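>>> only geometry, no sequence info:
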C-alpha cells in the first residue's frame, strides 16, 4: 500500500459516511438494512455495502482524503450505528486518507460524554457529526450543550446536517423525521453560545439556503459543505457567495457512498466557480480548518 502525501492530495471530501461495520451488530438491523436498500435504489449505487478499508482505498486511488463518520440514530430511528471506535481505528490504519469524526446522540448523556472523551483522548478524532432530524433533537437544546462544550474545549469541529433528508421518505409521517430540526438558524444560536467551536453546516440547505448563507457570512466560526447535491443543482446564490463573500468558508463534500466524489467533481467542473476559488473549496479551506499543515 503506497501512502498518500498531503502535497499529492488534490481534494478533501469533508462528508463521507461509514454505513457498514465489519464487526457485525450481533442481531438483525432491519431499519438500517431498509435504509441502505432505499439509498441504493435512489442513488443507483452498490457502494452502500462498502466497508471502511474499502473506503480508504477508494479515496487513496483518487488521491483524495475524506472525513468519515457513522451516524448515531439508534434511539430515534431504531437502526444500529457503526461503532465510533471502529471508524477511529480504520482512520489510524489509513491516516494518510481518512480523517475520523464520531457521532454520539446527545441523549446518551453522561455515558455518551464519557465515550466522546475517550475517543478524543485515545484516537485524536477531529470532530463530531450531528444529524438532528434523525437523532430527534433541537440543536440548541441545552441538553446537547455539554457535548458542544467538549468540542469547543478541544478546538474540534461540529458537523451538522441541514435541510431536507431522504431518510424516512418512504415511511408514514416520514418515519418520525422532523425536518425543522435541521434548519440552519439553529446553528446561529450554537455559534453565538460557543464562539470557539468550529461549525460546518452540511449540504445546500433546502429549503433554507438563504439562512445558511447568512449564518456562514455573519459568524466567523461557521463553514458550509457542499455535499449531498450534484453541483449542477446548486442555487445560483450559493455559487455567487462561494465565489465571493464566503469563499474561504466553503468546503467540498460529496455524501459518499451515495453521491460519489467522481460524480460531484464532474458536475463541479461545469459550474461557474472562479478558477482561483476552486482549490479553496476542494482542499485549501479544509487544510486550514483541520490544521493539516
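Received, thanks. Remember, predicted model here, so these are calculated numbers, not experimental data. Numbers count the residues shown, from 1 in each chain.
>>> Would you confirm that residue 173 belongs to a strand?
No. Under the criterion used here (DSSP: H, G, I helix; E, B strand; the rest coil), residue 173 is helix, not part of a strand.
>>> That one: neighbouring residues, count only.
Neighbour count of residue 173, defined by other CB atoms under 10 Å: 8. C-beta: built from backbone N, CA, C; applies to glycine.
>>> That one and residue 163, how far apart?
Per CB to CB, to the nearest Å, residue 173 is found 19 Å from residue 163.
>>> just residue 261 next, same as before
As for residue 261, its distance to residue 163 is 20 Å (criterion: CB to CB).
>>> for the stretch 151-293 of the chain, which spans come out with low pLDDT?
Residues of the stretch 151-293 of the chain meeting the criterion pLDDT under 70: none.
>>> what are the ranges of the helices in the stretch 101-250 of the chain?
With helices called from DSSP state H, counting those that start in this stretch, the stretch 101-250 of the chain shows them at 109-123, 132-135, 145-153, 185-193, 209-218, 236-242.
>>> Of the ones you listed, give the one that comes closest to residue 84.
With respect to residue 84, and counting by CB to CB, the nearest of those is helix 109-123 at 5.7 Å.
>>> how far out from the middle of the chain is the closest one?
19 Å (CA atoms, centre = their mean, to the nearest Å).
>>> go on, stretch 197-204?
Counting by CA atoms, centre = their mean, stretch 197-204 comes out at 8 Å from the chain centroid.
>>> same thing with stretch 2-20?
13 Å.
>>> Tell me the buried residues in that stretch?
Burial within stretch 2-20, assessed by neighbour count using 16 or more other CB atoms under 10 Å, is assigned to 4, 9, 11, 12, 13, 14, 15, 16, 17, 18, 19, 20.
>>> what's the farthest-apart pair in these?
Greatest spacing in these, by CB to CB: 9 and 20 (24.8 Å).
>>> Which of the buried residues of stretch 2-20 fall within strands?
11, 12, 13, 14, 15, 16, 17 (DSSP state E).
>>> And those, which is closest to residue 152?
After measuring those against residue 152 - CB to CB - the closest member comes out as residue 14, at 19.2 Å.
>>> What residues does that closest one make contact with?
Residue 14 is in contact with 66, 67, 159, 200, 225, 227, 251, 252, 253, 286, counting by CB atoms under 8 Å, 6 or more residues apart in numbering.
>>> For the first one, which three-state class applies?
Looking back up the chat, that one is residue 66. Following three-state DSSP, we place residue 66 in the strand state.
>>> residues in contact with residue 91?
Counted by CB under 8 Å, 6+ apart, residue 91 has contacts 68, 98, 99, 100, 123, 125.
>>> ditto for residue 259
Neighbour list for residue 259: 43, 227, 228, 229, 230 [criterion: CB under 8 Å, 6+ apart].
>>> part of a helix, is it?
No. Counting by three-state DSSP, residue 259 falls outside a helix, being coil.
>>> Let me have the helices of the stretch 101-250 of the chain in TSV, adding distance to residue 80 and mean neighbour count as columns.
Compiled in TSV, these are given as follows (distance: least, CB to CB, whole Å; neighbours: other CB atoms under 10 Å):
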stretch	distance to residue 80	mean neighbour count
helix 109-123	16	15
helix 132-135	13	25
helix 145-153	21	17
helix 185-193	27	19
helix 209-218	31	20
helix 236-242	35	18
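>>> Good, wrapping up.
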